[in-house]
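S.K.: 3D model of this:
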Amino acid sequence: MGDTVVTILAIVLAAVLMFIFPLMSVADRSDDVSQLSVQNSTTTFVDNIRSTGRITLAEYNRFVQEINATGNTYDVEIEVKVLDENPGKKTAQTAYEKIGENVYYTEYTTQIMEDLNDASNNNTKYLKEGDFVSVSVKNTNTTISQLLRNFFYRVTGNDSSTIGTSNGGIVTVNGRN
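M.R.: Numbers count the residues shown, from 1 in each chain. Now for the predicted structure:
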């Protein structure tokens, strides 16, 4: 009887070691590849915004399509801090630190999407030199790696996104020339 129990335990342990841990490792590598892909796409998207001074609906849709190609769903948040120049200044290129003060106001994803869906504005959100843009992305679905990790380690929580990145910077050109 004792040999039977030991044999069954040995078979279960061997099955776990031969199948479950390699599956967890492959699932983790899949999440790593998705993370790298999302990070590269986000960096490219933000750099394009910074260098052109505009966000277009076509570029946004292309970005969302690129990150969704990983097989996951994502929550994309865009934040633009718009430079509200002091009326005492002539242009943004003057010595802005000497005359008055600059104030930024923030526009969020819903406001930006309204501008992108506005056909009268060529489905474009125009930015100017000195504006700040930041894009934050995180997955909303549960990946296989998360399922396995939660099953074996009992790690659960509300903020269980494993794939996510953010990037931002200052706009270097005026989008409307």
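S.K.: which is the next helix or strand following the helix or strand of the chain with the lowest mean pLDDT?
M.R.: Lowest by mean pLDDT, DSSP states H and E among the helices and strands of the chain is helix 144-153, with a mean of 79. Stepping forward along the backbone from helix 144-153, the first helix or strand reached (DSSP states H and E) is strand 164-170.
S.K.: Near V171, how many other residues are there?
M.R.: 23 (other Cβ atoms under 10 Å). Backbone N, C-alpha and C define where each C-beta goes, glycine included.
S.K.: so what's the backbone phi/psi at it?
M.R.: Summarising the backbone geometry of V171 under the convention degrees, to the nearest 10, its torsions are phi -70, psi 130.
S.K.: V80 now?
M.R.: Main-chain torsions, V80, degrees, to the nearest 10: phi -120, psi 120.
S.K.: Also the one 3 residues further on?
M.R.: Backbone torsions of L83, given as degrees, to the nearest 10, read phi -70, psi 120.
S.K.: Show me what it bridges to in the sheet.
M.R.: Note on L83: beta-bridge partners Y104, judged by DSSP bridges.
S.K.: Show me the residue at the heart of this structure, geometrically.
M.R.: With distances taken as Cα atoms, centre = their mean, the chain has V137 as the residue nearest its mean C-alpha position (1.9 Å).
S.K.: Confirm that that one sits in a strand.
M.R.: Yes. Secondary structure of V137 (DSSP: H, G, I helix; E, B strand; the rest coil): part of a strand.
S.K.: Hmm, I78 and it touching each other?
M.R.: No. The pair formed by V137 and I78 falls short of the contact definition of Cβ atoms under 8 Å, at 9.8 Å.
S.K.: check contacts around the residue nearest to the centre of the chain.
M.R.: If you count contacts by Cβ atoms under 8 Å, 6 or more residues apart in numbering, V137 has them with 38, 42, 67, 74-77, 164-166.
S.K.: and the least confident helix or strand of the chain, which residues are buried?
M.R.: Neighbour-count burial for helix 144-153, with 16 or more other Cβ atoms under 10 Å as criterion, is recorded at 145-146, 148-149.
S.K.: okay, now the nearest residue to A69 once chain neighbours are set aside: neighbour count?
M.R.: What sits nearest to A69 in space, not counting adjacent residues and going by Cβ to Cβ, 6 or more residues apart in numbering, is S37, at 7.7 Å. For S37, the number of neighbouring residues by other Cβ under 10 Å comes to 16.
S.K.: With M18 instead?
M.R.: Residues near M18, counting by other Cβ under 10 Å: 10.
S.K.: and it, what does it touch?
M.R.: Applying Cβ under 8 Å, 6+ apart, no residues qualify as near M18.
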